[in-house]
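K.L.:
When you get a sec, could you give me coordinates for this:
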Amino acid sequence: MMMRTAVIVGTLLLGIGAVVAQQDALKEAQTTMKGNGKNAGALAAMVKGEKPYDQATVDAALAQFAETAKKLPTLFPDSIKGMQPEGDYQISPKVWEDKAGFAEHAASFGKAVSDAKITNLDALKATLPVIGKQCGGCHETFRVKKG
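P.N.:
Residues are numbered from 1 along each chain as shown. Predicted coordinates:
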C-alpha cells in the first residue's frame with residue numbers, strides 16, 4: 001500500500017512539474033515577444049522624432065533582438081502546442097505545422113539583426129524597416145489576433 005501511494009504521489013508530482021514547465025515555456029515566449037515589441041517601440045519613437053537618438057537604447061534593442069533570434073527556433077516547443085498566452089494574440093498552429101517555415105523566418109530575422117550596423121539616426125531610419133519587415137512577415141503567418 002505504501003509503495004502504491006508513493007508511486008501515485010510521484011506520478012502526480014511529475015504531472016504538476018510538466019504543467020509548470022509548459023507554463024514557464026509559454027511565459028518565456030510571451031515575455032520575449034513583449035521585449036521585442038517594447039524595444040521596437042523605443043526605436044520607432046526615435047525614427048518618428050518623438051525621442052532623441054540614443055545609441056545605448058539602440059544597442060540594447062539590437063542585443064535583445066539578437067537574443068530573440070537565437071531563442072526563436074526553440075521558443076515554441078511541442079509541449080506548449082495548443083496553449084495560448086494572455087493578451088490580444090495567440091500562437092498560430094502553423095508554428096508546429098510548418099516548422100521549416102518558422103525556422104526560416106527565425107533565421108532571416110537573425111540575419112537582419114546581425115546585418116544591422118546602426119550608429120546614427122539615418123542608419124536607424126534605414127534599418128528599422130528591414131527588421132520590422134522580418135517581424136511582420138513572421139507575425140502574419142505564425143501569430144493570430146484573438147477575437
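K.L.:
what about the residue sitting nearest the centre point of the chain, helix or strand, and which?
P.N.:
In the chain, the residue lying closest to the centroid (C-alpha atoms, centre = their mean) is M33, at 3.6 Å. Here M33 is covered by helix 2-47, with elements defined by DSSP states H and E.
K.L.:
list the buried ones in the next helix or strand after that helix?
P.N.:
Remark: after helix 2-47, the chain's next helix or strand is helix 55-75, criterion DSSP H and E. Within helix 55-75, the residues scored as buried using 16 or more other C-beta atoms under 10 Å are T57, V58, A61, L62, Q64, F65, T68, A69, L72, L75. C-beta here means a position set from N, CA and C on the backbone, and glycine is covered the same way.
K.L.:
ok, Q30 touching P85?
P.N.:
Yes - using C-beta atoms under 8 Å, Q30 makes contact with P85 at a distance of 4.2 Å.
K.L.:
which neighbours do these two share?
P.N.:
Residues touching both Q30 and P85 (C-beta atoms under 8 Å, 6 or more residues apart in numbering): there are none.
K.L.:
And the contacts of stretch 65-73?
P.N.:
32-33, 35-36, 39, 75, 102-103, 105-107, 109-110, 113-114, 131.
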